[in-house]
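*Asks:* Compute the structure for the input listed below.
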Amino acid sequence: MGEYEHLLVKRDGDTVTITMNRAARRNSLSAEHLGELLAAFREAGESDATGIVLAGAGPVFSAGHDFGDVAERDLMGVRELLTLCTTLMRTMESVSQVVIARVHGLATAAGCQLVASCDLAVAAESSGFALPGGKGGWFCHTPAVPVARAIGRKRLMELALTGDVIDAATALDWGLVNRVVPDDSLDEAVADLLGRATRGSRASKAMGKQTLYAQLDRPEADAYAIAVEVMASASQLPGAREGMAAFLEKRKPDWTD
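*Replies:* I've put the predicted structure just below:
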């Protein structure tokens with residue numbers, strides 16, 4: 001794994017952990033920090049790892065965009081910053097690995113966007129989530145994009161218009177996270193969920209993730225058109241053939257892909 005100024009990146013077995021390491025700035029997302037996150041996800045995505053954990057060092061997960069960076073930019077500069085951020089979020093969805101957020105403390109604005117853009121998320125009981133622009137002067141337009149797709153319109157409106165923090169239990173009820181666990185069980189819960197989400201054929205899982213994102217927001221007929229073609233093609237992959245053979249022969253599969 002590469003060396004970074006604002007990140008700690010390590011690989012343990014089949015898992016790459018990317019930890020935001022700007023604790024003094026509450027892991028706020030400056031252009032430099034976003035650029036490093038994008039590079040780290042691209043590097044991990046090109047590896048043979050099966051899972052990526054996104055975490056934050058210090059008291060919070062991420063406070064969102066770095067206003068010190070934003071305030072110094074003109075219109076073109078802010079547009080470039082938001083485009084970089086969007087590229088990161090789309091990259092997190094497009095890599096073949098399962099991406100899971102390990103959330104503690106607060107995840108606000110673009111920090112909440114990071115959580116919503118991960119495939120899965122596990123939160124500590126003490127964590128909180130917010131789109132605070134609704135009670136300030138800069139509305140959370142781009143963070144709302146993936147959050148809306150996770151929690152639905154009415155809940156998004158409440159989160160975005162009030163700017164209030166919701167607790168971890170509410171985030172779980174609303175569908176923003178998959179699990180809420182005691183703070184001291186966070187790492188164990190992340191490892192457990194990621195382990196179950198990455199078992200099986202790697203090639204099949206990668207194709208499955210990409211297809212899910214491709215069909216999620218499409219009309220049902222279009223979604224079926226995509227899913228039918230991909231599922232038919234996937235039936236010819238070595239993993240599919242091995243899985244079916246193992247089932248029919250009543251043995252454990254031997255995944256080679």
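*Asks:* Give me the buried stretch members for stretch 205-219, please.
*Replies:* Under the neighbour-count criterion of 16 or more other Cβ atoms under 10 Å, stretch 205-219 has 205-209, 211, 215 buried. Using the backbone N, CA and C atoms, a C-beta is placed for each residue, glycine as well.
*Asks:* Please apply the same query to stretch 174-187.
*Replies:* 174, 176-181, 186.
*Asks:* mean confidence score for that stretch?
*Replies:* For stretch 174-187, the mean pLDDT works out to 98.
*Asks:* Which residues are in contact with Val190?
*Replies:* Contact analysis of Val190 by Cβ atoms under 8 Å, 6 or more residues apart in numbering lists 53, 100, 102, 122.
*Asks:* As a markdown table, these with neighbour count and distance to Ala223 would be great.
*Replies:* A markdown table is the format used below for the contacts of Val190 (neighbours: other Cβ atoms under 10 Å; distance: Cβ to Cβ, whole Å):
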| residue | neighbour count | distance to Ala223 |
| --- | --- | --- |
| Val53 | 24 | 29 |
| Ile100 | 26 | 25 |
| Arg102 | 24 | 31 |
| Val122 | 29 | 28 |
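*Asks:* Out of those residues, flag the one nearest to Ala24.
*Replies:* Of all the contacts of Val190, Arg102 has the smallest distance to Ala24: 20.0 Å, by Cβ to Cβ.
*Asks:* for the closest one, helix, strand, or coil?
*Replies:* Going by DSSP: H, G, I helix; E, B strand; the rest coil, the secondary structure assigned to Arg102 is strand.
*Asks:* Beta-bridge partners for the residue lying closest to it once chain neighbours are set aside, please?
*Replies:* Ranked by Cβ to Cβ, 6 or more residues apart in numbering and with sequence neighbours excluded, the top spatial neighbour of Arg102 is Ala55, at 4.2 Å. For Ala55, the beta-bridge partners are Thr19 (DSSP bridges).
*Asks:* Just give the number of residues close to Arg22.
*Replies:* Using other Cβ atoms under 10 Å, the number of residues around Arg22 comes to 22.
*Asks:* pretty sure it contacts Leu8?
*Replies:* No: in this structure, Arg22 is not within contact of Leu8 by Cβ atoms under 8 Å, at 10.7 Å.
*Asks:* Spatially, and excluding backbone neighbours, which residue is closest to Gly2.
*Replies:* Nearest non-adjacent residue to Gly2, counting by Cβ to Cβ, 6+ apart: Glu43, 5.8 Å away.
*Asks:* who does whatever helix or strand that neighbour lives in touch, helix- and strand-wise?
*Replies:* Assigned by DSSP states H and E, Glu43 belongs to helix 31-45. With contacts taken as 3 or more Cβ pairs under 8 Å, 6 or more residues apart in numbering; DSSP states H and E, helix 31-45 sits against strand 7-12, strand 15-20, strand 51-56, helix 75-94.
*Asks:* at 6 Å what do you get?
*Replies:* Here helix 31-45 touches strand 7-12, helix 75-94, going by 3 or more Cβ pairs under 6 Å, 6 or more residues apart in numbering; DSSP states H and E.
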